[in-house]
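Asks: Below are the sequence and a predicted model; questions follow.
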Amino acid sequence: MASTNPTTPPHAATEPPTKYSAPPHEHKVSSFGPIIDVALRVILFATALVAVIVMVTSKQTKLIPVAPGIAIPRDAKFNHSPAFIYFVAALSVACLYSIVTGALSVLALKKPGGSSTKLQLHFVILDALLLGIVAAATGAAGGVAYIGLKGNSHVRWNKICHTYNSFCFHFATSILLSLISSITLLFLVWLSVYVLSKKIARR
Amino acid sequence: MKMQHKEEDVEVVDNGRRSSFDRMDMVVRFLALALTLVAAVLVGLDKQTATVSLTLVPSVPPIRVPATGKWTYMSAFVYLVIVNAISCFYAAVSLLLVLARRGRHKLVSLTVTILDLVMVGLLFSALGATASIGLIGFQGNSHVHWDKVCNVFDKFCHQIVIALFLSFAGSIAYLVLIVLAVLHLHKKL
């Protein structure tokens, strides 16, 4: 690794030309960083909002036969399982968070000096925390939805998705969207770490 | 000339700070390794046989059947074991990388931070899946007629809960690793 990168050995300081030829490229990176950051936050906001809306509007009512000739309407709602309540709460938090941090990022973008490193530091830590929360929500909803789709014969939990098909379709869409949100958060933290390390390289 | 002098000074300070940062990093990484290893082993060895009374026909007295609870029966538990094994393996590899790192291998530390974050995502999603399934196991879900099973497989469920907490501590350790790395980067600025 060290031999491929000319700036890593300590005695690289003796070769000023390579050092001074680097800044233009790094400057480009640091000026593109905040724009990508804002774009990713917009994606996070959109996916989290749509996931919450799709999950909340998933209610489906079906006539379930209880005895020959008698069928009662039973509805399936997201708040019948605590996992989905957590899912909605976590993604609402992600949505709100993306509005606040997106606004702060835009404000920092407008400032002539660029975003302060202190703000970026707080963003990275909070982004990583939110990644954990959103990933846990995706996992929780996915775990329960998988049982709903396939059932589990060992503990006799029957599948329900053959009855409530549109309900399950809503769930699948919502879980996919929250997966995209968590991947977006992953990219946000990667971007921040990359920009921070580039800033150090420029020094 | 003056610039070079300054840079050397920065380098020396960096090295002093790096060693303390490295020590902290290694301790937390080792903690993550141990916690995820124990969690994976605890779930992987989880098995309990209990007698379940089955009522086939209401008039006939219930039959007692031995039933086995195993972690492979539930996909969420399998996912938890796989993710814990992956993060344990990764912790071992990254520990070796940190130990072997002498100079300033920026690319290595950047890659390690990026993969740490992937582990946070994986571990938290496995935690969420296991916790939601475990909650149904504890309380059941009357809306879809999923009965609780933890009143029968009590030891099994307790072992899962312990593993869940250990795995949670492991994922917090990975989160701390990221915060440490970012703070270290920030201090260098």
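Replies: Yep, it's here.
Asks: Sketch out the helices for chain B, chain order is fine.
Replies: Assigned by DSSP state H, chain B shows helices spanning B:2-44, B:75-100, B:106-139, B:154-188.
Asks: and if you look at chain A?
Replies: A:16-21, A:23-56, A:82-110, A:117-150, A:165-202.
Asks: Make CSV out of these and add mean neighbour count, mean pLDDT and distance to chain B.
Replies: Bear in mind the C-beta positions are built from the backbone N, C-alpha and C, glycine included. Supplementary listing: the helices of chain A in CSV, determined by neighbours: other C-beta atoms under 10 Å in any protein chain shown; pLDDT from 0 to 100; distance: least, C-beta to the nearest C-beta, whole Å:
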stretch, mean neighbour count, mean pLDDT, distance to chain B
helix A:16-21, 10, 42, 9
helix A:23-56, 18, 79, 12
helix A:82-110, 18, 90, 4
helix A:117-150, 22, 90, 3
helix A:165-202, 20, 88, 5
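Asks: quick one: which of the ones you listed is nearest B:Val78?
Replies: Among those, helix A:117-150 comes nearest to B:Val78, with 11.0 Å by C-beta to C-beta.
Asks: What helices and strands are in contact with the closest one?
Replies: Secondary-structure packing of helix A:117-150 (3 or more C-beta pairs under 8 Å, 6 or more residues apart in numbering or on different chains; DSSP states H and E): helix A:82-110, helix A:165-202, helix B:75-100, helix B:106-139, helix B:154-188.
Asks: Can you say which of those is nearest to A:Ala48?
Replies: In terms of C-beta to C-beta, the element of these nearest to A:Ala48 is helix A:82-110, at 4.1 Å.
Asks: The closest one to helix B:106-139, inter-axis angle?
Replies: Taking axes from the mean of the first three to the mean of the last three C-alpha atoms, to 10 degrees, helix A:82-110 and helix B:106-139 form an angle of 150 degrees between their directions.
Asks: Chain neighbours aside, what residue packs nearest to the residue positioned nearest the centre of chain B?
Replies: The residue lying closest to the centre of chain B (C-alpha atoms, centre = their mean) is B:Ser167, at 3.8 Å. Among residues not flanking B:Ser167 along the chain, B:Ala39 sits closest, at 4.1 Å (C-beta to C-beta, 6 or more residues apart in numbering or on different chains).
Asks: ok, now how distant is the one you found from chain A?
Replies: 15 Å (C-beta to the nearest C-beta, to the nearest Å).
Asks: Can you tell me which of the helices of chain B is packed in deepest?
Replies: Of these, the one with the most neighbours on average (mean count of other C-beta atoms under 10 Å in any protein chain shown) is helix B:106-139, at a mean of 22.
Asks: With adjacent residues omitted, what lies nearest to A:Thr173?
Replies: What sits nearest to A:Thr173 in space, not counting adjacent residues and going by C-beta to C-beta, 6+ apart, is A:Val54, at 5.2 Å.
Asks: should've said B:Gly121
Replies: The shortest distance from B:Gly121 to any non-neighbouring residue, by C-beta to C-beta, 6+ apart, is to A:Ala135 (4.5 Å).
Asks: close enough to count as contact, that neighbour and B:Phe124?
Replies: Yes: between A:Ala135 and B:Phe124 there is a contact at 4.0 Å, judged by C-beta atoms under 8 Å.
Asks: A:Thr61: neighbour count?
Replies: 12 (other C-beta atoms under 10 Å in any protein chain shown).
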